[in-house]
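Student: Pasting the sequence and the predicted model now:
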Amino acid sequence: MDKEILGIILMFALAVGIALPLGRYISKIFGNEKTWLDKLLNPVDRLFYKISGIDPEKEMTWKQHLIALLTINLVWFLAAMFVLTNMSWLPMNPDNNPSMSGDLAFNTAVSFVTNTNLQHYSGETGMSYLGQLTLMLWQFISAGCGIAIAAVVFFAMKERTTDKLGNFYFFFVRSCTRILFPIAIVVASLLAFNGTPMTFEGKDSIINLQGDKVEVSRGPVAAFVAIKHLGTNGGGFFGPNSAHPLENPNYFTNIVEIVTQMLIPLAMIFAMGFIIKRRKLSWTIFGVMTIGFLMLMIPTVVSEVNGNPAISEMGISQSMGNMEGKEVRFGAAASAYWSIATTVISTGSINSMHDSFMPLSGMNQLLGMMVNCFYGGVGVGFLNFYIFIILAVFISGLMVGRTPEFLGKKIEAREMKIAMIIALLHPLLILAGTAIASYTFANDPEAYASWLNNPGFHGFSEILYEFTSSSANNGSGFEGLGDNTPFWNIACGIVMLMARYLPIIGPVAIAGSLAAKKYIPESAGTLKTDTPTFGLMVFAVIALVAALSFFPALALGPIAEHFSLK
């Protein structure tokens, strides 16, 4: 067990150690400074601009950034819908998998365009290779959009007084070609050399250890898995996701995949410090996020390592911990660490079945998504945290009797209204969706019996988890839920759309509004936002506004289930 704990420390240390220089590199990418990839990739960038008719040097206002983002996302959504509903006759379908129904295609297209990657289908049977490649492209695009829009907020924080915040397409193209694509090649190569398939051939026939002939699905898995983690997408090529031995063959690939999914969210924090030249602020933000992450991760690891008390009472040894739904090649501790990393960061990929974790472990997974700002997804994780910074600055200013200021700009009623709307949107989407689904099932349990494989507290947790995952752009699930139905496909699709774009619009609007205001030089009375005291204030605001909003729902689900085991 000591080796498993050392493995967790190694994985986190590697992620932070690589994220620091990567953050500096990202700041150079957005600042248009020279990098070692320029000679190779400058012609590629210019080709994209020429084909698209884009002038990358044209400055945009915050409203123009949002219009560009929403417009191209709509185009990509329509393209995805066409491919998914016509896979049966389109090329690259050696296994003759069928096209998707309209409601499932809507859910899947929304899911991948919004960087959620919630899957109500099993990839090896529900998707052609063309469909998988289309979704792989959206994994690049949705991640690139998140990074680009975060860059807009960074430059809004940097400038003293301006309404011009760079060019969205410049940030987007460079995010894809200079950050995502090169790292994805390295990760995919590591996976391919360690047993992850990378082929366009169909199923392979093999003889298993029992002597039976079985058909094994394969495909361009290594490339898909690389970008699914790097872009905090999380969609699995196979149904079991990274618990599948062809997506995640061994402990080394497990380390590669978990470090990869943490890499850019961590690096973006440090990139912000380099861009706005306030590295102490970036370390303060990193500290708050890390404390939150550890408060969820440590008790989850302890809980899973200690095992299930109900099984212990049966006289069954649990020397390996709670291994229900987990892979022996990873163990209980590493699986628990992954489960919190993937829910805190909003990747949503899994290397074990979250539905089989201990109740309080499931609660911590839910809390990671409910808070949705401890690291978070690429780009948008910082935008969520930015909202809580604005709230903390405003509250702190009122407490000391001064006009709230952040980076030399006054925070007034307009910014506060937007911040509170966005902060409360997340609980609204989760709790309203859960309430509607719970009422629907309770009102006619026979008609909707296929929804839940588990009754009582755990069944409620499955419903709560699905809407939480959808709203947090996460995509993981308590898979005891029968979710491929028109209700779940449409309801989760609507939640994913609202939870992706409104939390982007709000922070960008606040950042654009503050950037246009007159800069006020710091004085002796200015609230310092790069101190442990302010970090504690931000953490308190997150706990009060985000975490406590969900306590009644958690009490009905995982907390009640925990006490039922005693």
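Tutor: Sure, I can see it.
Student: mind checking the SS state of the residue with the largest distance to the centre of the chain?
Tutor: Ranked by distance from the centre of the chain (Cα atoms, centre = their mean), the top residue is G211, with 41.3 Å. Put simply, G211 is coil when judged by DSSP: H, G, I helix; E, B strand; the rest coil.
Student: what sits against L527?
Tutor: Neighbour list for L527: 393, 396-397, 400, 402, 404-405, 534 [criterion: Cβ atoms under 8 Å, 6 or more residues apart in numbering]. The way it works is simple: take the backbone N, C-alpha and C, and place the C-beta from them, glycine included.
Student: Pull out the buried residues from these.
Tutor: Buried residues within these, counting neighbours by 16 or more other Cβ atoms under 10 Å: 393, 396-397, 404-405, 534.
Student: among the contacts of L527, which are in helices?
Tutor: 393, 396-397, 400, 534 (DSSP state H).
Student: Now do the buried residues in stretch 262-277.
Tutor: Quick answer for stretch 262-277 (16+ other Cβ under 10 Å): 262-276.
Student: quick one: average confidence on that stretch?
Tutor: Averaging pLDDT along stretch 262-277 gives 95.
Student: mind listing the helices in the stretch 51-200 of the chain by residue range?
Tutor: Using DSSP state H, counting those that start in this stretch, the helices of the stretch 51-200 of the chain run over 62-84, 102-113, 123-126, 129-158, 168-174, 181-192.
Student: how distant is the helix or strand bottoming out on mean pLDDT in the chain from the center of its chain?
Tutor: One helix or strand of the chain scores below all others by mean pLDDT, DSSP states H and E: helix 309-312, with a mean of 84. The chain centre lies 33 Å from the centre of helix 309-312; the measure is Cα atoms, centre = their mean, to the nearest Å.
Student: Can you check the pLDDT for the residue farthest from the centre of the chain?
Tutor: So G211 comes in at 84 (pLDDT).
Student: got the contact list for it?
Tutor: By Cβ under 8 Å, 6+ apart, G211 has no neighbours at all.
Student: distance of W283 from Y129?
Tutor: 44 Å (Cβ to Cβ, to the nearest Å).
Student: Between these two, which is the more surrounded one?
Tutor: Each of W283 and Y129 has its neighbours counted (other Cβ atoms under 10 Å); Y129 has more, 21 against 15.
Student: hang on, isn't that one packed against N93?
Tutor: Yes - using Cβ atoms under 8 Å, Y129 makes contact with N93 at a distance of 6.7 Å.
Student: quick one: terminal-to-terminal distance for stretch 206-223?
Tutor: 24 Å (Cα to Cα, to the nearest Å).
Student: Check the offset of it from the chain's centre.
Tutor: 30 Å.
Student: Let me have the helices of the stretch 51-200 of the chain in TSV, extended by mean pLDDT and distance to A509.
Tutor: Conversion of the helices of the stretch 51-200 of the chain to TSV gives the following (pLDDT from 0 to 100; distance: least, Cβ to Cβ, whole Å):
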stretch	mean pLDDT	distance to A509
helix 62-84	95	6
helix 102-113	96	21
helix 123-126	87	37
helix 129-158	94	10
helix 168-174	95	15
helix 181-192	96	30
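Student: and F382, which of these is closest to it?
Tutor: Nearest to F382, of all the helices of the stretch 51-200 of the chain, is helix 129-158, at 5.3 Å by Cβ to Cβ.
Student: could I get stretch 466-484 in CSV with only the CA atoms?
Tutor: Coordinates of each C-alpha in stretch 466-484 appear next as CSV, following Å, rounded to 0.1, in the frame of the first residue of the first chain:
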residue,chain,number,x,y,z
GLU,A,466,-25.9,12.7,-14.1
PHE,A,467,-27.1,16.3,-13.9
THR,A,468,-24.0,17.3,-11.9
SER,A,469,-21.7,15.8,-14.5
SER,A,470,-23.7,17.5,-17.3
SER,A,471,-23.6,20.9,-15.7
ALA,A,472,-19.9,20.6,-14.8
ASN,A,473,-18.8,19.8,-18.4
ASN,A,474,-17.5,16.6,-16.9
GLY,A,475,-19.1,13.6,-18.6
SER,A,476,-18.5,10.8,-16.1
GLY,A,477,-21.4,8.9,-14.6
PHE,A,478,-22.8,6.6,-12.0
GLU,A,479,-23.5,4.0,-14.6
GLY,A,480,-26.3,2.3,-12.9
LEU,A,481,-28.5,4.8,-14.7
GLY,A,482,-30.2,3.8,-17.9
ASP,A,483,-29.5,7.1,-19.7
ASN,A,484,-30.0,6.4,-23.4
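Student: quick one: average confidence on it?
Tutor: Stretch 466-484 comes out with an average pLDDT of 91.
Student: All the strands of the chain, in order from the start?
Tutor: 204-207, 213-216, 405-406, 409-410 (DSSP state E).
Student: Out of those strands, which one sits most buried?
Tutor: strand 405-406 (a mean of 22; mean count of other Cβ atoms under 10 Å).
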